[in-house]
Each structure stands twice: as structure tokens, then as C-alpha cells.
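Trainee: Everything below, folded, please.
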Amino acid sequence: MWFIQTYPGQVVQTLGQARTLFDSIRAEQEAQGLDPWAPFADEEEWGLVKWLIARVGQTAIEEFMKLPITGHLKMSFTSKYLLMKAIDKLPRGTEWQLKRIQVKGNSEQAEGEDLELWLRNPVDCIRELMANPEFDGKVSYSPERVFADVEGTTRQYDEMWTGEWWWETQRRLPEGAVVAPVILASDKTSLSQFHGDQEVWPVYLTLGNISKDVRRQPSKHAAVLIAYLPVTKLECFSRETRSLERYCLFHYCMSQVLKPLISAGNDGIEVTCPDRKVRRMHPIVAAYVADFPEQCLVACCMENRCPKCTVGHNECGGMAQAAMRNRESTLESLHLHQDGEMSNGQFEGELGLRAIYSPFWATLPHNDIFACITPDILHQLHKGVFKDHLVSWCSEIIGEEQLDACFKGMTSYSGLRHFKKGISKRKQWTGADYRELQRVFLGVIAGAVDNQILAAVRGVLDFIYYAQYQTHMDVMLSCMHNALASFHANKDIFLELGVREHFNIPNLHSMLHYVDAIHLFGSADGFNTELPERLHIDFAKRAYRASNRRDYVIQMTTWLQRQESIAIQEAYLRWWASQQLADGDSVRDESDSSTSGSDFEGPVPTAANYIILPRQAQRFTMLTASRGYFVPRKCPFPNSTIHRLLHEHGASLFIPVLEYFLRNHVQISSHRKLTPQDRIDVYKYLKVISPARPHINNPKCLFKVRAAPVILSNDARKGPAPAHFDTVLVIEDQGQYTGEGISGEYHHFMIVYGLRVGEVKVIFDVPSCFGHFPHPLAYIHWFRPLQTFDANLHSFRLTRSSRHRGPNAVVLPVNRILRPCQLVPRFSRDGSEEFYLNRYIDLDLFERLL
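Mentor: Sure, this is the predicted structure:
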């Protein structure tokens, strides 16, 4: 049960009511007697327009419109020109503006440069975001302190309004005012893949009032593009000053883009919210999402220094905390250096600042830009600390060939990427690749490196996994800090082995600031740079491909304006359809109100009472509110002989084990003996819904369990599909398993309640002549009980269980399967086969094996 402490003062004063954006569109259409799809004829024509704009280039659209068959479609437009004119009549987003910037350099050999800054008014963009009725119910207007217990002792950090920044900022505003936390993101990106040097520098804006689950989905359009900053080499300046002048140009352009936020943040603006209520909101820059070089650019510091604190460039390899940078002292240092009252040694050497005397954040109200810099899980953790450093160090210690061999021999797991060629020769890496590497890396190096290295690697992996939680509690933040301390306690082994000379690594130092940032702004997953990277596809790369590659920025803004109009119209039509449905429901409700009261007395179902199921939800057999399973409706191998299972599935004890199961579960005095010629229905896989854990980044908890033999391909060019027999966690003792977790501790030894690991060999249904069973069955080979715990890996060590010199096998109904798991192989010196239970395969199992 949760306890929520609300802000004690008066907040969220309502100034009145007004129409939302969609209300205004609907009123205008009704006044003009237009259909919802106007200016297009009907729903079918609107569907064609959406497809043409999204999938077809403008030249191809013109060719399509000239085809004779299009004349029979009787469309309201007959050419590309008329189509674009019709799109321009749709509701529009905030208009683009062009600001020309003249730069006069200091080089006598070069003339000055004329630059273009394309921007939109951020205040209008904020009004546009808040006026979207699709966000109703997903927006917060006041800060909260959430506790995981009714006593109010265990603090919980999730959305931005649960952090301390919002609470403290609310105190600086007048009573009744609403904080609008502005989240900015910027990232220079390349537009051409194989040739040319075209680049663009987008700046995105979203609001912390909107739930992070909505913000993270590009399809929700909760983040808007507010500027294209000019990208130039500034060759009109000398080589010595060119770099600094580019930094100053960035800050000047950002000051022009964000200028409307100064008066809006101080005085507030009246905003129509998704619930049709008008409130006075104060847009305040709260967070800035960027990679490390751009963080340093924003903070006016050098790239070998921390953008958040004043730690020395030779002192960032430990756990010691340095004084945090703050706005007032930094501005004072900039002014002193500009006036010649501070030496370069103190300005650059001690403070690590650059001579950017007019930073864009100097005039922004209620803003501390250094606190605004948020964690960057993608570049700092996945790519920086893990891939660029930790993997490289271990590869140098183990050797590339041996490490590649370990990756090639990794056991399979449904959804796990198999690096079948190793990792040493791989050139291109993505964020998904880094995460796949993390899932198996500790198991890969186990047995090949010293235990101290294992402890250091485990500390980093634990920190990365904790950082990805959607909700943090104080105890988890303590675990996060302890994981980082574990790495630092064991890191000297890399110095002793000669793979490192120091640990003055900015990305490693940045991990010290994660816990404080979560206290301020909520969980770090709401500020990941993966969202801007994804937005580049829509707002930069696709827009560039729609241009003719010459003078492309103005064409990109026109294309984006039309794309935005299409998105607004599509969202409006969804809203209009929901309103029509709601109107129909209200009529039915009124007619039902005269009848007798409902017999339903339970609580109204909410999002917290159920989990989101996939499209085949109606085909799942739900065991509890959060557990269930699904087998294919059409059996892929009907009437398979038991003889086939004995040889292709390796189910050597299938007949005696199934007979034992039937004797204990079929209510008849006797039944005939099974033979290899008997037939059963066999499935290739089973899908399992495991109990959801909403505080981790795994919303569906949907897993696939495979039990498939080698399958020959119909394509002669391809080899046969390999066999997959997944290992699973099975509820062996239903009395001991509580459903609350997997492991616990008793007298300093890890124990497991009611669960055991098994390898699924066959998933099957028996014919009705053998009896009726409510669930399909699974033939499983047991591993030994989860009793041997390896403290270095923080994992269980397992071997196969045997019985009478053969496998220890059992037949169980599939409702006893909790979820799949992965066993990482470890071959001991005496030749016995051993495995580790991999707790890093996903966040769900990582959480369960704490």
C-alpha cells in the first residue's frame, strides 16, 4: 500500500475552462458543416493520403496521380500540388521562423558567414502539447512525495513529479501556480550515410508534466522539435579560436530559441490543459538530455572535466565527492575572467571552464543548469563504462580468441542475440547490442578471470541494471551505491594486470551523480538519450531524404510541418471517434439508470489491477490475475509417435515417466501400457505470462519456452534449424512457493522457496483415451536443486540431476512453469558439466534473484 504526501501549499488553481485543440477543430467543422475528414472526402480518401505521405516520395506521388486508374477513384485532388494544398489546410502546429545570423570572423583571408537558425516559439509548443486531450489522465500538475509504506518511511521515486526538484521549485512560485518542467534535448547528427558531410543539430522539447511512459513513445508526439541550430566549421576564424567560437555560437542560438521562456517562467502563462481547465503555468527549464560532449558544451566546461561538479581532471577515478557546480558561482567566475580578474590557471586549471561569457542559461528563471544535466544511460553506461572500457579490459586480459570462443559457445535463450562470430571483429554497435552483451557477459568470463575481476564487473552490471528501473526506492538506491562501491573496491586488479594506468574516466565519474539525479528528477529511464536518437529518424533523417539535398533545411521544415498536420488530424480523428462512442455509451447509461442497481460491489478495475496482454490475450489461459500461458491454437506436430520423441527430442524416459504421471492423475483402476507407436500432439513452444513487476522495465513479462527438435528447411540453400530445448524455473513445491520472489537468505546461505530448474524436452497433449487434463503437459529433465550458491557471481551453480544412471525426468502440467531461465555453461577441471543460473538475462530475473 502506498502513501502519498501532497504539497502543503495551494497549487493548481483553476482560472476557468476553455476548448482544447480538438474541441476547437470540431466546433469549426460543425460551424462550416464539414465532415471530420475535411478537407478530404471521406475516411477511405484520408487513409490513402496518410499512406502516400508516409510511404511515397513527392516525385512518385506525382507519377501516381498521372496514372489513368486514378481518374476512376474520384478523389478530391487530381495532382500532387492540389494534395499538398489540401494538407496545408489541415490544423497546423507551431509555425517555423527563420533567424539569420551574420558572423564576422577574425581571419583576414576569409569573409564572414551568413547562417540560418530555424526555430519555433517554445511557449506556443508548450501550449500545443498541453492542449492535446489525448494526454488527459496522463498529466500531473503538482509535486508529490510517494512512499511505499503507509508509515511514510520508504521513499519512492518514479515520475518527475515525485522528485525533490519539483517540490523545491514549487516553493519559489506564487500560490496557485503550476510548474511546467521543460525537458530539453539536443544532439548533432549526420544526415548522409555513405558520402557527404551534411549534418543537422535538432533541439527537442517535452514536459515533465506528461508521464514518462507517454514521453518515451515517439508515436504519442509528446516531444516536439523546436529548432535546427546552424552547423558550421566557422572557417572565418583562425584555427586557434575556431573551436571556442563554435561554442559561443551554440549558446547564442540557444538563447534566441529559449528567449520566450524568460518572461513565461517569471510571470507564467495561461494554458488550456487536456482536461479543458485553464491554469497558470510557469515553464522552467528543469532537465537537459545530452551526451557527454554536449553536456560539457551546455555547462561551459572542458571535456576532460565533469559538467556537474568541480572534481579535478586527475581526481575523477574514485568515490570522493567534489563541490557541485552552481549557477551563481560559475557566472561570477565567467565575469571575473572576462574582466581579467581571474587567471587562466584558476579558470581553466582549477574550474575547467571555457571562456563562454554569455551562456544561454544565464537569464533563464529558477534554473540551475548543472543540476539540470541528467544521467545518460546509453552513452555513459551501456557504451562508455561497459563496452568501451570494461569489455575492452577483459578482452585484453582473456584474449580476443578465447573471449570470442566463449561467446560462440553460449547457450541459446529465446530472444537472446547469439554472437556466433564473437565480438572482436564487430565494427558497428547499437544500444540494443550493448544490452545483449550485458545479458551474458559475466557468465562468459566466469572461470577465465580472477574473482576480483568478477566482483568489479558484477558491480558495474548491477549498477547498470539498477539504473534502468522504472521506479526506485531508498533501499534500491542504496544497492545502486553499493554496486558502484564494489567496483571501486576491486578495480585495482586492472592496474595490477597492466590494462589500465588510471581511472580518470569522465563516464565512470558520472556514475557518482546518478543517485542524486534520481532524488531530484525521478527515475533515470525518463531522461535517456535513446529517445532523441530515435527522434532523429523522424525529425532529421526522413525529413532530409524528402528533400533534394540542396538547401535542405527549409525543405525539411516544410515537410515536417505537413507531417505534423497529418499527425494532428489523425489524433483528432481518434479523439472524435472516442467522443462518438462516449456519446453512445452515455445514452445507454441513461436508459439503464432506471433499472435496478448493479450487483457489482467490488472496486473499479484500474491499471494497477491487471497487466497488459499481447494481441492473443483471449487465447491465454489465465491461472491468476498475473500468471497464465498460451499454446498455439493449431498444433504443429499432431499425432506424433512417441518413438519420434525418444530420438529427436532426447526424451529417453518419456514412456515410464508418463505412465507414472497417468497412474497418479487418472481416476481409473488400470490402463494399458504405452508403446513407442502411441501418438500424441506435440507443440514447438509455450508462451508464459509471469507475475508483472511494474517497477522494472519489463511491462509485459511475456516469455517464450521452446521445445523444438532439429527441423529441416524447405529451402535447399539453408541448413536445418537447430534444436532448442529451453531451461525453465518450475514450481516444484506449490506449498513453499509464495509468489513473492525466488530467493532469500537463511544463516548467510541463499535458499530458494519451492522452485527448481528443469530442461523442457517435450510440450504435449495426450489423447482423451488416457484421461482428461485441464492443462497441456511438459516432459522435463531436472537439474539438481538450487542449493550451491557462488558468491563471486552472486548466482547458483547447477549440474544435471541423474537417477539410476540416467536423467531425472518428470511430467508436469505446464501451469507449473513459472518462466524460462538461461544456464551459462562452465566446464570444471574434472570434466563434469556445470552451469550458472544467469540472473542478468533480463531485469525480471535480476530482480527476483536479489
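
Trainee: residues in contact with Glu245?
Mentor: 103, 105, 234, 237 (C-beta atoms under 8 Å, 6 or more residues apart in numbering). Bear in mind the C-beta positions are built from the backbone N, C-alpha and C, glycine included.

Trainee: switch to 7 Å and redo it
Mentor: Neighbour list for Glu245: 234, 237 [criterion: C-beta atoms under 7 Å, 6 or more residues apart in numbering].

Trainee: List phi and psi for it.
Mentor: Main-chain torsions, Glu245, degrees, to the nearest 10: phi -70, psi -30.

Trainee: From Val231, how far off is it?
Mentor: Using C-beta to C-beta, to the nearest Å, we find Glu245 at a distance of 14 Å from Val231.

Trainee: cool, Lys687 as well?
Mentor: 48 Å.

Trainee: The helix or strand Ile655 falls within: what's the following helix or strand?
Mentor: Following DSSP states H and E, one finds Ile655 within helix 654-665. Heading C-terminal from helix 654-665, the first helix or strand you meet, by DSSP H and E, is strand 679-683.

Trainee: packing partners for that next one?
Mentor: Strand 679-683 makes packing contacts with strand 637-641, strand 755-765 when contacts are defined by 3 or more C-beta pairs under 7 Å, 6 or more residues apart in numbering; DSSP states H and E.

Trainee: Show me what the longest one pairs with in its sheet, parallel or antiparallel.
Mentor: Each strand pairing with strand 755-765, determined using DSSP bridges, is listed with its direction: strand 679-683 (antiparallel), strand 727-731 (antiparallel), strand 777-782 (antiparallel).

Trainee: Send me it as PDB with only the CA atoms.
Mentor: Once non-C-alpha atoms are left out, strand 755-765 reads as follows in PDB (Å, rounded to 0.1, in the frame of the first residue of the first chain):
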ATOM      1  CA  LEU A 755      11.400 -23.700  -7.300                       C
ATOM      2  CA  ARG A 756      13.700 -25.900  -9.300                       C
ATOM      3  CA  VAL A 757      15.400 -25.600 -12.700                       C
ATOM      4  CA  GLY A 758      14.500 -28.100 -15.500                       C
ATOM      5  CA  GLU A 759      15.000 -28.500 -19.200                       C
ATOM      6  CA  VAL A 760      11.800 -28.800 -21.200                       C
ATOM      7  CA  LYS A 761      12.100 -31.600 -23.800                       C
ATOM      8  CA  VAL A 762       8.500 -32.000 -24.900                       C
ATOM      9  CA  ILE A 763       5.300 -29.900 -24.700                       C
ATOM     10  CA  PHE A 764       2.400 -32.100 -25.500                       C
ATOM     11  CA  ASP A 765      -1.300 -33.100 -25.100                       C
END
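
Trainee: can I get the helices and strands packed on strand 679-683 in a markdown table with distance to Gln97, mean neighbour count and mean pLDDT?
Mentor: Below are the helices and strands packed on strand 679-683 laid out as a markdown table (distance: least, C-beta to C-beta, whole Å; neighbours: other C-beta atoms under 10 Å; pLDDT from 0 to 100):
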| stretch | distance to Gln97 | mean neighbour count | mean pLDDT |
| --- | --- | --- | --- |
| strand 637-641 | 64 | 15 | 94 |
| strand 755-765 | 62 | 23 | 96 |
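
Trainee: do you know which of the strands paired with strand 755-765 lies nearest Ala323?
Mentor: Closest approach to Ala323 among the strands paired with strand 755-765 is made by strand 727-731 (48.1 Å; C-beta to C-beta).

Trainee: just how off-centre is that closest one within its chain?
Mentor: Relative to the centre of its chain, strand 727-731 is centred 28 Å away, using C-alpha atoms, centre = their mean, to the nearest Å.

Trainee: Residues touching it, excluding its own?
Mentor: If you take C-beta under 7 Å, 6+ apart as the criterion, strand 727-731 is touched by 705, 737, 754-760, 780, 812, 816-823.

Trainee: now the residue nearest to the spatial centre of the chain: how far from Tyr228?
Mentor: With distances taken as C-alpha atoms, centre = their mean, Asp525 lies nearest the centre of the chain, 6.5 Å away. Using C-beta to C-beta, we find Asp525 at a distance of 28 Å from Tyr228.

Trainee: same check, this time on Lys761
Mentor: Lys761 sits 58 Å away from Tyr228, going by C-beta to C-beta.

Trainee: Show me the one of the helices and strands packed on strand 679-683 that comes nearest Gln380.
Mentor: Among these, strand 755-765 comes nearest to Gln380, with 34.8 Å by C-beta to C-beta.

Trainee: now the closest one: how far from the chain's centre is it?
Mentor: That offset, for strand 755-765, works out to 32 Å (C-alpha atoms, centre = their mean).

Trainee: Next: stretch 305-324.
Mentor: Centroid displacement of stretch 305-324 relative to its chain, using C-alpha atoms, centre = their mean, is 29 Å.

Trainee: Now do the end-to-end distance for that stretch.
Mentor: Using C-alpha to C-alpha, to the nearest Å, the end-to-end distance of stretch 305-324 comes to 12 Å.

Trainee: what's that stretch in contact with?
Mentor: If you take C-beta under 7 Å, 6+ apart as the criterion, stretch 305-324 is touched by 295-296, 299, 301, 304, 325, 351-352, 370, 373, 485, 488, 502-506, 508-509, 512-513.

Trainee: how about a cut-off of 6 Å?
Mentor: 295-296, 299, 301, 304, 352, 370, 373, 488, 502-504, 509, 513 (C-beta atoms under 6 Å, 6 or more residues apart in numbering).

Trainee: now swap in stretch 565-585 and tell me
Mentor: So stretch 565-585 is contacted by 22, 25, 36, 53, 87, 90-92, 133-134, 221 (C-beta under 6 Å, 6+ apart).

Trainee: try stretch 176-184
Mentor: The contact list for stretch 176-184 (C-beta under 6 Å, 6+ apart) reads 10, 12-13, 141, 160, 166, 169-170, 205-208, 268, 279-283, 285-288.
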